[in-house]
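Undergrad: structure for the following, please:
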Amino acid sequence: MDQTKQAEEYGYDLFPERDTGKYKKGSVSESLFTFNHKCQVMLQFAVETSPYAKLLLRAMKSSGCTVFKERHFSCEDCDGTVSGGFDAASSQIVLCQNNIHQQSHMNRVVTHELIHAFDHCRAHVDWFNNFRHLACSEIRAANLSGDCTFNNEVARFNFGLKQHHQACVRGRALRSILAVRKISQAEAEKIVDEVFDTCFNDHAPFGRIPHSKKDAKFAYRDYENRDRYYANL
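TA: Sure, this is the predicted structure:
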């Protein structure tokens, strides 16, 4: 397959630094350094303080997939339409340093992409050929990362509908699939509908939908207590 076509079909064109042969950094190196430094600082704060991220990192370690910040995270410049991505080919999370400017946003992106990494660790996900696998992970990431919390939806002026959380998860999963795969809206909707119920109800490793930071803290506490329980058996 033509390399440019392949990049577009798999969404790599949204992450130009993934293709070092094509992408050339701008001349404003000081500005790029500032973006990168800020990204690294916010990433460090996220993995150290976010209960969402801490639980996912602990769960991956328990599953034999220890995450190393220097190896598995990369702060890069991206297309203006995305905030992050999981590169299954390199098992690396891309954080879009030019698009993430607030700590709360960084926390959500780190959590969202760690859910993809967790799925990559625990299951045989065929990211590139099986659209249902991709859709399932996107549904789980939208559902469990805090993307669709009440506060975030109010900030987007989306609120008040019955089963709004489900509608938000469905819509965000659909947009994510359409951003990285060259398929029609109708085909993407069909795929999301086919796997939605099963994947929406898969809450691993949280054990619940963490609708708030408080919920995530309780989930992290329960996960820690579970580890101690099994250690005493």
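Undergrad: use CA for all of it now, contacts and neighbours both
TA: Noted.
Undergrad: can you count the residues close to Cys39?
TA: 25 (other C-alpha atoms under 10 Å).
Undergrad: spell out which helix or strand contains it, please.
TA: Taking DSSP states H and E as the definition, Cys39 sits inside helix 29-49.
Undergrad: who does that helix touch, helix- and strand-wise?
TA: Helices and strands touching helix 29-49, by 3 or more C-alpha pairs under 8 Å, 6 or more residues apart in numbering; DSSP states H and E, are helix 51-62, strand 73-76, helix 103-122.
Undergrad: closest one to Ser176 among these?
TA: Using C-alpha to C-alpha as the measure, helix 103-122 is the one of these that comes nearest Ser176, at 11.5 Å.
Undergrad: right, and Leu114 touches Ala53 too?
TA: Yes: contact criterion C-alpha atoms under 8 Å: Leu114 and Ala53 qualify, at 7.3 Å.
Undergrad: returning to that earlier point: which of the helices and strands packed on helix 29-49 sits closest to Phe206?
TA: In terms of C-alpha to C-alpha, the element of the helices and strands packed on helix 29-49 nearest to Phe206 is helix 51-62, at 7.5 Å.
Undergrad: what about the closest residue to Val109 other than its chain neighbours, how many residues nearby?
TA: Spatial nearest neighbour of Val109, chain neighbours left out: Gly84 (6.3 Å); criterion: C-alpha to C-alpha, 6 or more residues apart in numbering. For Gly84, the neighbour count with other C-alpha under 10 Å is 26.
Undergrad: all strands for this structure, in order.
TA: In the chain, the segments counted as strands under DSSP state E are 73-76, 84-87, 92-96.
Undergrad: point out the most buried one among these.
TA: strand 92-96 (a mean of 25; mean count of other C-alpha atoms under 10 Å).
Undergrad: which regions of this structure lie under the pLDDT threshold?
TA: Residue ranges of the chain with pLDDT under 70: 1-9, 19-33, 150-162, 227-233.
Undergrad: rerun that using 50 as the cut-off
TA: By pLDDT under 50, the low-scoring segments of the chain are 1-5, 20-28, 30.
Undergrad: one step back: what's across from the residue nearest to Val109 in the sheet?
TA: Counting by DSSP bridges, Gly84 forms beta bridges with Leu95.
Undergrad: nearest to Arg132, out of the strands of the chain?
TA: Closest approach to Arg132 among the strands of the chain (C-alpha to C-alpha): strand 84-87, 16.5 Å.
Undergrad: who does the closest one touch, helix- and strand-wise?
TA: Going by 3+ C-alpha pairs under 8 Å, 6+ apart, strand 84-87 lies up against strand 92-96, helix 103-122.
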